[in-house]
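A.B. asks: Prediction below, plus the sequence it came from.
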Amino acid sequence: AGHAIATVMGWLPQWLGFLDWLLWILYGLVFVLLFTYSFVTLANLIGAPFYGLLAERVEKHLDPDRPAQAERSLWKLIVASLAREVQKISYYLPRVLALLIIGMIPGINVFGAVLWFVFAAWMMTLQYADFSADNEGLGFAQMRQRLRTARLSCLAFGLMVSLANMIPVLNLLAVPAAVCGGTHFWLQLRPAPEIRASGR
């Protein structure tokens, strides 16, 4: 990081020297985001089956008229939830690798930090809207396709979750809160024919 920042600063006029500290802050935030998502991934691997149940309870509360999903045994729920988490990790890793490569290219790496923020926010939305999508029986690709219809809202939601996960102690409460928020967000994206007369 130090070499990359020094290279970028070497290309800039001397009067832009104040950007040096800004670049260090951006790099620091990128590493915080990496740590944050690692923490979230571990928490979700452990709690995924329970978060799926939490999302189901929130759905019932927000939309009592929604048809009940077929009940699954705890064992089937655990297996399905872990398989879903592996899908998310498989989606995440190659894109993180691409961002790391971008971060090592002088000049372009300045924009890499911005891409990190956008990607981290997108991943947080994928992570927490997915529990309801899974309960609904939608595949991971179908879930992403629906979320793309509200990109700016996805980034806003994901950014708030990312910020909450960066704050010590609060991040312990942020995960279940994000599951509830992600469930509500997902229900708002439900196609019009599925919206109940309740106005949701």
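C.D. replies: Noted; the coordinates are in hand.
A.B. asks: any idea which helix or strand comes after the helix or strand harbouring Leu163?
C.D. replies: If you go by DSSP states H and E, Leu163 is part of helix 151-166. Following helix 151-166 in sequence order, the next helix or strand is helix 170-188 (DSSP H and E).
A.B. asks: Show me what that following helix is packed up against.
C.D. replies: Using 3 or more CB pairs under 8 Å, 6 or more residues apart in numbering; DSSP states H and E, the elements in contact with helix 170-188 are helix 19-62, helix 109-136, helix 151-166. Quick note: C-beta positions are derived from backbone N, CA and C, even for glycine.
A.B. asks: Report the rounded mean pLDDT for that helix.
C.D. replies: Regarding helix 170-188, the rounded mean pLDDT is 88.
A.B. asks: Also stretch 115-133?
C.D. replies: 90.
A.B. asks: Now do Phe131 against Ile167, distance only.
C.D. replies: 22 Å (CB to CB, to the nearest Å).
A.B. asks: which of these two has more neighbours?
C.D. replies: Phe131 (29 against 12; other CB atoms under 10 Å).
A.B. asks: Wait, that one touches Gly52, no?
C.D. replies: Yes. The pair Phe131 / Gly52 is scored as a contact, 5.1 Å apart, by CB atoms under 8 Å.
A.B. asks: what ranges of this structure fall below the confidence cut-off?
C.D. replies: 1-41, 43-45, 47, 67-74, 106-107, 109-110, 192-200 (pLDDT under 70).
A.B. asks: ok so, going back, which helices and strands does the helix holding Leu163 pack with?
C.D. replies: helix 19-62, helix 109-136, helix 170-188.
A.B. asks: Can you name the residues that contact the closest residue to Ile108 other than its chain neighbours?
C.D. replies: Of all residues not flanking Ile108 in the chain, Ile102 sits nearest, at 5.8 Å (CB to CB, 6 or more residues apart in numbering). Applying CB atoms under 8 Å, 6 or more residues apart in numbering, we find Ile102 in contact with 108-109, 111-112, 115.
A.B. asks: wait, which of the residues you listed is closest to Met123?
C.D. replies: Proximity of the contacts of Ile102 to Met123 (CB to CB) peaks at Leu115, which lies at 12.1 Å.
A.B. asks: Surely the closest one is in contact with Leu99?
C.D. replies: Yes. The criterion here is CB under 8 Å, and Leu115 meets it with Leu99 at 5.9 Å.
A.B. asks: which SS class is Ile105?
C.D. replies: When classified by DSSP: H, G, I helix; E, B strand; the rest coil, Ile105 comes out as coil.
A.B. asks: For Phe119, see how far away it is.
C.D. replies: On the measure of CB to CB, Ile105 and Phe119 end up 16 Å apart.
A.B. asks: Tell me which of the two has more neighbours.
C.D. replies: Between Ile105 and Phe119, counted using other CB under 10 Å, the more crowded position is Phe119 (19 against 13).
A.B. asks: in what helix or strand does Thr97 lie?
C.D. replies: Check again: residue 97 is Leu, not Thr. helix 74-103.
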